[in-house]
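Chemist: Here's a sequence, model it:
(one chain, ligands or ions: 2)
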Amino acid sequence: MSTPKFTTFRKLWPSLWPQCMPGVRWRVIVASAALILSKIVLLTTPLVWKYVVDDLLANPKVIPYTLILFYGAARLISSLFSEVRDAVFAQVSQRALRQVGVKVFDHLHRLSLRFHLDRQTGGITRIIERGTKSIETLLTFLTFSILPTFVEIVLVCGTLWWFYGFSFSVIILVTMAAYIFYTLKLTEWRIHYVRSMNTNDNQAQTKAIDSLLNYETVKYFSNEAHEKNRFDAALRQYEIAAVKSKISLSYLNIGQAFIMSLGLIAVMIVASRGITQNTMTTGDLIAVNIFLIQLAVPLFNLGFAYREIKLALVNLEEMFHLLDEPQDIKDISNAKPIAFHGGKIVFDNVSFAYQSDRPILMNLSFTVPAGKTLAVVGTSGAGKSTLSRLLFRFYDVSAGSILIDNQDIRHVTQTSVRDLIGMVPQDTVLFNDTILYNIAYGRPDATQYEIEQAAKQARLHDFIQSLPQGYETRVGERGLKLSGGEKQRVAIARMLLKQPKIFVFDEATSALDTRTEKEIQENLKVISNHHTTLIIAHRLSTIIDADDILVLEEGQIAEQGNHETLLLKGGLYAAMWQRQQSQQNNDQSYA
Ligand SMILES: Nc1ncnc2c1ncn2[C@@H]1O[C@H](COP(=O)(O)OP(=O)(O)OP(=O)(O)O)[C@@H](O)[C@H]1O
Ligand SMILES: [Mg+2]
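Modeler: Numbers count the residues shown, from 1 in each chain. Ligands and ions are numbered 1, 2, ... in the order given. The predicted structure is shown next:
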């Protein structure tokens, strides 16, 4: 476990003491006041004890009802104040939790695709989950155990000094200091044992699960005895670690008890001497005794609290690291929204690499005039989808520039560029929600009529109507309950709903049968007519009408022209066309 830094806690501070939320600040103030009041009231109880004892000793026949009632009332009021503190503070800590959680989430959406592809989503959500939970742990232990204990120590020392003189408060102070010092040191030493106990526990569990998952394999080889031994070995490690952890806890407890007893002995000796010298009463002796014992109760869990806080700080730090992750696709300062004048797209000498040692696009130049259609074809991995990702500014080019209507897309705001473009990606992933939600995602304020209209254009409406739950059908995790073609049509429908100015279709109909594909192509043609369109396709029959066709080979333009000129040229495109035609003829003869 790395040593947590204090700066981590400082980063949390703005959420606990927010500049612009006086309400939260008031809550912190009220909670602190309630904390101090509850401790002050609690402090009176040993003193009441003193008077009860002294009264009884002086008048053994009279029961001091008032004092006894006062004692009960003081205990009650003290707990009332501490409940008030909890209730008032609950909102502060939960608000901080929410604020930090949302901030991290928002930041994650600002980070680039590059960051997200490099990280496992599961890993990130675990970091956020552990991080936000640790805010709760941290605040709980600080406000419910550490802070109250310190307030109590200070108040007790002050009271003893006031009522009984300097020596008692010195004894208490020294005892507490020794107690805390010892607890922290020993906890530090013990952490190693506790952690090894936890890791061994995890390992034993993993082995058990893995073994049971491989149930059949175990049987194939009759390896039950082997599995049993492996599990037993893992458990033995746990056993050893658990015993060590328990023994180390005993050391901690013995040491704590030793220090506390020394303190008590010292207090009692000084108090007894006070009695013999007539400066103190028996009641006083009992009161100072109670003061010390009362302090010991919350301190008993100090080691545990310390360990939890330390762990929470480490988790929190991990989460804050995510916030420190720089944004690599950023708007330049005072970037303006892009101005649209028809949507001419220019790739000017563009080079690009995902990793610097493997170039994907090399010195690529082409122009799509406003309102025209460019098709890009080429072998798998040639860099076709990469073109669309660059246009959408998921990545910045390594050299050259991309211009829309003569504006470099790096010099305008990202959102304005993305708002222009309607993209049907190669792989559609859907939200785990209803079909309606997924289509409406294209424009959340769209009416039901508009949504159905888009679904009709994407040849999806009839299918949805045939489902028992219609538009309310849930699509499952990532949309896996829909077929590939259905998912693609949802993607088309939601893109249509967005009503973009520029269209990008990356194999948008590749998962559909030829007839449905034809129907949708017709619709898309009508809709994207007079809009700049970039089509990436494998099936050449879908792009014969394109104004211009690029054949991309290993990140470079191998051929360019319209369908007829490329066929006449007799190069790569013509060969691809030939192959696909004969394939289609074969398919038809089977059908
Ligand atoms: N995030 C990434 N990190 C590293 N390399 C990547 C990344 N995305 C794609 N690539 C690589 O870049 C190359 C071009 O990918 P791209 O997706 O543009 O191919 P494509 O032409 O669309 O292929 P397909 O027809 O199979 O969709 C591929 O070799 C791919 O392995
Ligand atoms: Mg692709």
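Chemist: For burial, what's the neighbour tally of the closest residue to ligand 2 within the stretch 151-300 of the chain?
Modeler: Using CB to the ion, the single residue of the stretch 151-300 of the chain nearest to ligand 2 is L213, 35.4 Å away. From N, CA and C alone the C-beta is placed, and that goes for glycine too. Applying other CB atoms under 10 Å, we find 10 residues neighbouring L213.
Chemist: ok, now the one 3 residues further on?
Modeler: For E216, the neighbour count with other CB under 10 Å is 7.
Chemist: and the residue of the stretch 51-200 of the chain at minimum distance from ligand 1, what helix or strand is that in?
Modeler: Nearest residue of the stretch 51-200 of the chain to ligand 1: L117, at 4.8 Å (CB to the nearest ligand atom). Following DSSP states H and E, one finds L117 within helix 113-118.
Chemist: that older thread, can you count the residues close to the residue of the stretch 51-200 of the chain closest to ligand 1?
Modeler: Neighbours of L117 (other CB under 10 Å): 9.
Chemist: Restricting to C-alpha, output the helix holding L117 in CSV.
Modeler: Only the C-alpha atoms of helix 113-118 are listed here, as CSV (Å, rounded to 0.1, in the frame of the first residue of the first chain):
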residue,chain,number,x,y,z
LEU,A,113,-11.3,7.4,-27.3
ARG,A,114,-7.6,6.6,-27.1
PHE,A,115,-7.8,6.6,-23.3
HIS,A,116,-10.9,4.6,-23.2
LEU,A,117,-9.7,1.9,-25.6
ASP,A,118,-6.5,1.6,-23.5
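Chemist: mind listing what's buried in it?
Modeler: F115 (16 or more other CB atoms under 10 Å).
Chemist: Repeat that for stretch 97-114.
Modeler: So, applying 16+ other CB under 10 Å, buried residues of stretch 97-114: 97, 99-101, 104, 108, 111-112.
Chemist: These in strands, which ones?
Modeler: Using DSSP state E, no member of the buried residues of stretch 97-114 falls in strands.
Chemist: Pipe the residues you listed into CSV and attach distance to D54 and pLDDT per row.
Modeler: Shown next, in CSV, are the buried residues of stretch 97-114 (distance: CB to CB, whole Å; pLDDT from 0 to 100):
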residue, distance to D54, pLDDT
L97, 49, 87
Q99, 53, 88
V100, 53, 88
G101, 56, 89
V104, 59, 90
L108, 65, 90
L111, 69, 90
S112, 75, 88
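Chemist: Those residues into TSV, with extra columns for distance to ligand 1?
Modeler: Shown next, in TSV, are these (distance: CB to the nearest ligand atom, whole Å):
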residue	distance to ligand 1
L97	34
Q99	32
V100	30
G101	28
V104	23
L108	17
L111	14
S112	10
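Chemist: Looking at the residues you listed, which is nearest L387?
Modeler: Within the buried residues of stretch 97-114, proximity to L387 (CB to CB) peaks at S112, which comes in at 17.4 Å.
Chemist: start to end distance for stretch 17-26?
Modeler: By CA to CA, to the nearest Å, the extent of stretch 17-26 from end to end equals 9 Å.
Chemist: Helix or strand: which one has the one residue sitting closest to the centre of the chain?
Modeler: With distances taken as CA atoms, centre = their mean, the residue of the chain nearest its centroid is I128 (2.7 Å). Element membership for I128 (DSSP H and E) is helix 121-141.
Chemist: What residues of that helix count as buried?
Modeler: Under 16+ other CB under 10 Å, the buried positions of helix 121-141 are 124, 127-128, 130-132, 134-135, 137-141.
Chemist: Packing partners of that helix?
Modeler: Helices and strands touching helix 121-141, as assessed by 3 or more CB pairs under 8 Å, 6 or more residues apart in numbering; DSSP states H and E, comprise helix 6-16, helix 65-110, helix 302-324.
Chemist: how about the ones you listed in JSON lines, adding distance to V551?
Modeler: Below are those laid out as JSON lines (distance: least, CB to CB, whole Å):
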{"stretch": "helix 6-16", "distance to V551": "53"}
{"stretch": "helix 65-110", "distance to V551": "36"}
{"stretch": "helix 302-324", "distance to V551": "42"}
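Chemist: among those, which is nearest L480?
Modeler: Nearest to L480, of these and by CB to CB, is helix 65-110 at 23.1 Å.
Chemist: helices and strands around the closest one, which ones?
Modeler: Using 3+ CB pairs under 8 Å, 6+ apart, helix 65-110 sits against helix 6-16, helix 22-58, helix 121-141, helix 302-324.
Chemist: redo that, cut-off 10 Å
Modeler: The contact analysis (3 or more CB pairs under 10 Å, 6 or more residues apart in numbering; DSSP states H and E) places helix 65-110 against helix 6-16, helix 22-58, helix 113-118, helix 121-141, helix 302-324.
Chemist: any chance you could map the helices in the stretch 201-350 of the chain?
Modeler: 215-220, 224-276, 282-299, 302-324 (DSSP state H, counting those that start in this stretch).
Chemist: In TSV: those helices, plus distance to S380 and mean pLDDT.
Modeler: Formatted as TSV, the helices of the stretch 201-350 of the chain follow (distance: least, CB to CB, whole Å; pLDDT from 0 to 100):
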stretch	distance to S380	mean pLDDT
helix 215-220	36	91
helix 224-276	44	92
helix 282-299	66	86
helix 302-324	34	85
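Chemist: Rebuild those helices as TSV, extending it with distance to ligand 1.
Modeler: Below are the helices of the stretch 201-350 of the chain laid out as TSV (distance: least, CB to the nearest ligand atom, whole Å):
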stretch	distance to ligand 1
helix 215-220	34
helix 224-276	38
helix 282-299	53
helix 302-324	20
